[in-house]
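S.K.: Have a look at this fold, sequence not included:
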């Protein structure tokens with residue numbers, strides 16, 4: 001906003017100088033004033049173009065960093081939930097998500113990680129649209145992940161398979177935006193996958209013990 005005001009101010013000054021240069025009383029200085037006015041206009045236009053490119057670059061860099069942050073958050077949540085190698089590329093994340101079953105446990109702390117991803121994605125869409133739009137494909141990924149913000153809105157738990165599908169779609173879009181692999185790794189080749197509540201607790205907290213988990217309702221059960 002300040003840059004726009006300063007640029008506009010100099011442009012107005014240049015126009016005033018050009019206007020004054022045509023007054024009869026300043027005829028001896030007309031050429032000087034015209035040159036000065038046009039020079040200021042040229043400088044203002046050059047600075048404005050350079051500033052535009054710098055702003056676009058800044059927004060692109062910020063959008064790229066936010067895209068990486070979103071992808072790392074998904075990778076961490078999927079690792080806590082399903083296990084696998086601690087450092088996974090996007091093809092491995094997609095392979096792990098493909099192996100999620102309808103009855104995989106979803107403890108409250110894991111659900112909280114996924115809920116935070118959804119909430120942050122929705123906030124980015126609402127509060128930082130310029131940076132989001134500057135990174136092609138980032139908006140599509142956030143729109144998918146933002147659906148996780150409603151995990152606790154209803155009385156019934158989201159089915160694990162539905163959550164996995166949301167994460168799968170969001171991960172693919174983020175991966176495309178960053179030029180990462182979007183092919184699915186074979187889940188049977190991924191080591192250390194273990195979605196049990198005890199293993200999720202160990203990965204999340206670094207300790208042992210049992211925590212209650214939210215299981216999707218079985219067929220025929222009442223809410």
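M.R.: That came through fine. Keep in mind that what you see is a predicted model, and the values were worked out from it rather than measured.
S.K.: who does the helix ranked longest in the chain touch, helix- and strand-wise?
M.R.: In the chain, ranked by residue count with DSSP state H as the criterion, the top helix is helix 30-82. Applying 3 or more CB pairs under 8 Å, 6 or more residues apart in numbering; DSSP states H and E, one finds that helix 30-82 contacts helix 2-20, helix 90-98, helix 108-127, helix 129-134, helix 138-145, helix 160-178, helix 197-205. No exception for glycine: its C-beta is placed from N, CA and C like everyone else's.
S.K.: Residue 7 versus the closest residue in space to residue 21 that isn't next to it in sequence, what's the distance?
M.R.: Spatial nearest neighbour of residue 21, excluding adjacent residues (CB to CB, 6 or more residues apart in numbering): residue 33 at 3.5 Å. Per CB to CB, to the nearest Å, residue 33 is found 21 Å from residue 7.
S.K.: Repeat that for residue 184.
M.R.: From residue 184 to residue 7 the distance is 50 Å (CB to CB).
S.K.: How about the contacts made by the residue nearest to residue 21?
M.R.: Going by CB atoms under 8 Å, 6 or more residues apart in numbering, residue 33 touches 17, 18, 20, 21, 26.
S.K.: go on, residue 86?
M.R.: Residue 86 makes contact with residue 79, according to CB under 8 Å, 6+ apart.
S.K.: Would it be right to say that it lies in a helix?
M.R.: No: Residue 86: not assigned to a helix; according to DSSP: H, G, I helix; E, B strand; the rest coil it is coil.
S.K.: give me the low-pLDDT residue ranges for this structure?
M.R.: 1-4, 155, 207-223 (pLDDT under 70).
S.K.: domains in it, as residue ranges please.
M.R.: According to automatic domain parsing, the chain is divided into the following domains: 2-53, 64-211.
S.K.: out of those, deepest packed?
M.R.: With neighbours defined as mean count of other CB atoms under 10 Å, the domains of the chain peak in mean count at domain 64-211, which reaches a mean of 18.
S.K.: distance between it and the chain's centre?
M.R.: 13 Å (CA atoms, centre = their mean, to the nearest Å).
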